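# Quick one, structure for this:
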Amino acid sequence: MKGTRSGIGLGALALLMVAAGCGDISVESAGAAPGWTDTAGASDGFGAWDSGQQAPHADAGPTPGGGQPGDGSCVPVCDGKQCGPDGCGGSCGWCSGNDSCQDGVCVLVAGCVPACAGKMIGLEDGCGGVCAGSGMGIGLAPGGAQDAAYFRALVQQGQVPSPDVLPIEGWLTEHGTSLPPPQTDRFVSLHGFLGLFYDPADAAPTVALQLGMNSAVPPEAIEAGRFNLCVVVDKSGSMHGDKMEMTRAGLLQMLDALDEDDYLSIVTYDDTAQLALPPQKLTDKAKATAVIQGIMAGGSTNIHQGLSLGYEQVMKHIADQGAMPRVMLVSDGVATAGIMETPAILAMSGSYNAEGIGLTTIGVGQDFNFELMHLLATQGLGNFYFIESGAKLAQVFTEEIHYLLTPVANNLRLWFRLPDGFGVEDVYGFEYAEEDGEFHLLGPKPQYTVEPGGTPTDPGQGGGETPQVAVSTLFASKKNGLVMVKVATPGVGPVKALEGLHFASLHYAYDLVETGETESFDLDVPLGAMDFDADGGFSHFSGAIMQRNFCVLRAGLAMKEAARLFHEAPDQAASRSAAIAQLATATTLCEGINLVVNDPRLTEDVALMAQLMDNVCGDDCLPQP
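Model prediction:
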């Protein structure tokens, strides 16, 4: 694939605001119910969260350890918090860019974006919380599904959706996660965490390895990028009404988020494709405004022709390497005219992706072709969003436009080793392979353009062939991306024997978008002290954040499995009972964890599982007279 450029250069790190780092961060028990108490302790900390001594804050006072910030004697205290000051001038974790740190929990405040750029940790963020560090850098997320909003909307309508419309990678990404501060010596910082839970009633321990990513690149470097953008708009009859009104409103707001130096073109399609706005720099926004306001719905849906014409517009300025070549497809995704076969549409799109043009897809409404829109974005190394409301569309088209279109690193390679006898059961949302005890990620699942080949080696060591397998393009994000690995264990004894040792050795490498240069790094993930119950169960979480994300993963998997069981035999009581059992187990787990982390998003997840449980039950769950 040809390289593309963005507003992020090697000199971007020089723009980093001078801000305090993070001291040794640790978690102490929050005094929750047995089985849910984090036991990382001051000696274990958060594993990979140790990033050096914190410089003192000007307004810092006495500290829990009896020392002063920055003098080496302070003992950070986080008490199970996801975020906020650690008492030593540092932070217990960075929230995602849209989240406010309130009472130690990362909370999404509707209509408010925390103002933390350049502010010290602990100062007011303008949304009712305090700054936790996230204003000093950006999150990173793999391309592909960015949410599970389509699945959620169908559940809230009383349906039991197909399991195929719940992408686990999207479920994880939409939740985001707190992370430690990113390292300032690299563009991509990878953080590894471990979650382990064993109930004697289970057949084996459940072990999850979490990989989170962020970057020290400042937000203003992202927002300075230029685009060579074509927006391809479905104006067929199926887009009539609210869908088209939302689309027009979003496109008009998008104009305000773009600059005069950006190239913009607009293609519309129904039975055929039309060039509504030829590619031009946005020096005359009034002209673009009139084009958008004149888009009216009617006719069939020729996705193939519309998308092809959109790619052709971007190709006209592909030589301007300072402008990122992207296509954004806005559609309900149901092809009814022209070439309608999904493989043919994917093949056409993939040929342009191979020329370096990325594709972001936005599904509008609740009756679109989820599979096609998801596959197009995954193959196109772009993002996929579901828009269920005008408010969300406005958010995506304005404050997130630079993020959803801006790649930070290409060809991210990630490979790791586990202890002898341990394996990988699944890497949620990604293909993976194993060779000689080394596991490597092949790309988003499903993927069509990346062919695995070669043996993963560290290109930074100078030996061997550069790995040909790739996780994904990484995008700037207001959320810190997550990759979850379900680990297959040989049994209880081998897990216990690893207490206090390194559990996994990770290696990762990536190519900088602007220069093509490769950076590579290593990371060890420790297994700290375990918390043992009187009945023989035990658990370990690398801090409160992994504890919270353990629930997020379990809830997503339970809903996906419950939907699968239901659709296998919707009329059989046994299938419905098995589905309800999956949801009930995950609910109990999440409610227990939420006693510690007190996360409002986990509360919403529990409510969603309860709604899905009711949908599965149908009339059988109604109270009897």
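# Helices of the stretch 201-350 of the chain, start to end?
219-223, 242-257, 285-293, 303-315, 342-353 (DSSP state H, counting those that start in this stretch).
# no wait, the stretch 351-500 of the chain
Under DSSP H, counting those that start in this stretch, the stretch 351-500 of the chain gives helices at 370-379, 390-397, 401-405, 492-497.
# Format those helices as TSV; extra columns: mean neighbour count, mean pLDDT and distance to D262.
Yep, even glycine has a C-beta here, placed from its N, CA and C like the rest. TSV is the format used below for the helices of the stretch 351-500 of the chain (neighbours: other Cβ atoms under 10 Å; pLDDT from 0 to 100; distance: least, Cβ to Cβ, whole Å):
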stretch	mean neighbour count	mean pLDDT	distance to D262
helix 370-379	24	84	21
helix 390-397	19	73	14
helix 401-405	22	75	10
helix 492-497	14	91	53
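# Can you tell me which residue is spatially central in the chain?
T173 (2.5 Å; Cα atoms, centre = their mean).
# Does that one belong to a helix, a strand or coil?
Secondary structure state of T173, per DSSP: H, G, I helix; E, B strand; the rest coil, is helix.
# these two touch, right, it and N480?
No: in this structure, T173 is not within contact of N480 by Cβ atoms under 8 Å, at 9.1 Å.
# any residues in contact with both of those two?
Any residue near both T173 and N480 by Cβ atoms under 8 Å, 6 or more residues apart in numbering counts here, and that gives A141.
# how deep is A488 tucked in, by neighbour count?
Counted with other Cβ atoms under 10 Å, residues neighbouring A488 total 13.
# quick one: contacts for G294?
Neighbours of G294 in contact, by Cβ under 8 Å, 6+ apart: A276.
# Apply 10 Å and report the result again.
G294 makes contact with R248, T268, A276, according to Cβ atoms under 10 Å, 6 or more residues apart in numbering.
# returning to what we had before: tell me which of the helices of the stretch 201-350 of the chain is the most buried.
Of all the helices of the stretch 201-350 of the chain, helix 303-315 carries the top mean neighbour count, a mean of 23, counting by mean count of other Cβ atoms under 10 Å.
# quick revisit: just the contacts of G294 now: which is nearest L414?
T268 (39.6 Å; Cβ to Cβ).
# low-scoring pLDDT stretches of the stretch 451-600 of the chain, where are they?
Scanning the stretch 451-600 of the chain for pLDDT under 70 picks out the ranges 451-472.
# Beta-bridge partners for S215, please?
I138 (DSSP bridges).
# burial count for it?
So S215, with other Cβ under 10 Å, has 27 neighbours.
# Surely it touches G137?
Yes: taking contacts as Cβ atoms under 10 Å, S215 lies within contact range of G137: 5.7 Å.
# Between those two, which contacts overlap?
P182, T184, S189, A221, N480.
# ranking those by neighbours, who comes first?
Going by other Cβ under 10 Å, N480 tops those with 31 neighbours.
# ok, that one to H402 distance?
Distance from N480 to H402, counting by Cβ to Cβ, to the nearest Å: 17 Å.
# nearest to F397, of the shared contacts of S215 and G137?
For the shared contacts of S215 and G137, the nearest to F397 is A221 (21.1 Å; Cβ to Cβ).
# what about the closest one, distance to E514?
11 Å.
# didn't A337 look like it was pressed against S300?
Yes: assessed by Cβ under 10 Å, A337 is found in contact with S300 at 3.7 Å.
# Which residues are in contact with each of the two?
What both A337 and S300 touch, as defined by Cβ under 10 Å, 6+ apart, is the set S236, Y269, D270, D271, T272.
# re the thing from before, out of the helices of the stretch 201-350 of the chain, nearest to F521?
Of all the helices of the stretch 201-350 of the chain, helix 219-223 comes closest under Cβ to Cβ, at 20.6 Å.
# how about the CA coordinates for that closest one, as CSV?
Provided in CSV are the C-alpha atoms of helix 219-223 (Å, rounded to 0.1, in the frame of the first residue of the first chain):
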residue,chain,number,x,y,z
PRO,A,219,-4.5,16.8,20.0
GLU,A,220,-3.6,20.0,18.1
ALA,A,221,-1.2,17.9,15.9
ILE,A,222,-4.2,15.7,14.9
GLU,A,223,-6.4,18.7,14.2
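# and Y510, helix, strand or coil?
Under three-state DSSP, Y510 comes out as strand.
# For it, the count of nearby residues, please.
So Y510, with other Cβ under 10 Å, has 27 neighbours.
# and it, how far is that from L414?
From Y510 to L414 the distance is 9 Å (Cβ to Cβ).
# And I580, by the same measure?
Counting by Cβ to Cβ, the gap from I580 to L414 is 36 Å.
# Between these two, which is the more surrounded one?
L414 (26 against 20).
# wait, doesn't that one sit right on A504?
No: contact criterion Cβ under 10 Å: L414 and A504 do not qualify, at 11.4 Å.
# list residues touching both of these two?
With Cβ under 10 Å, 6+ apart, L414 and A504 have common neighbours L211, F439, L523.
# Let's see which of those end up in strands.
Residues of the shared contacts of L414 and A504 located in strands (DSSP state E): L211, F439, L523.
# Could you identify which of these has the most neighbours?
Highest count within these by other Cβ under 10 Å belongs to L211, 23 neighbours.
# is that residue in a bridge, and if so with what?
Here L211, judged by DSSP bridges, has bridge partners G192, V483.
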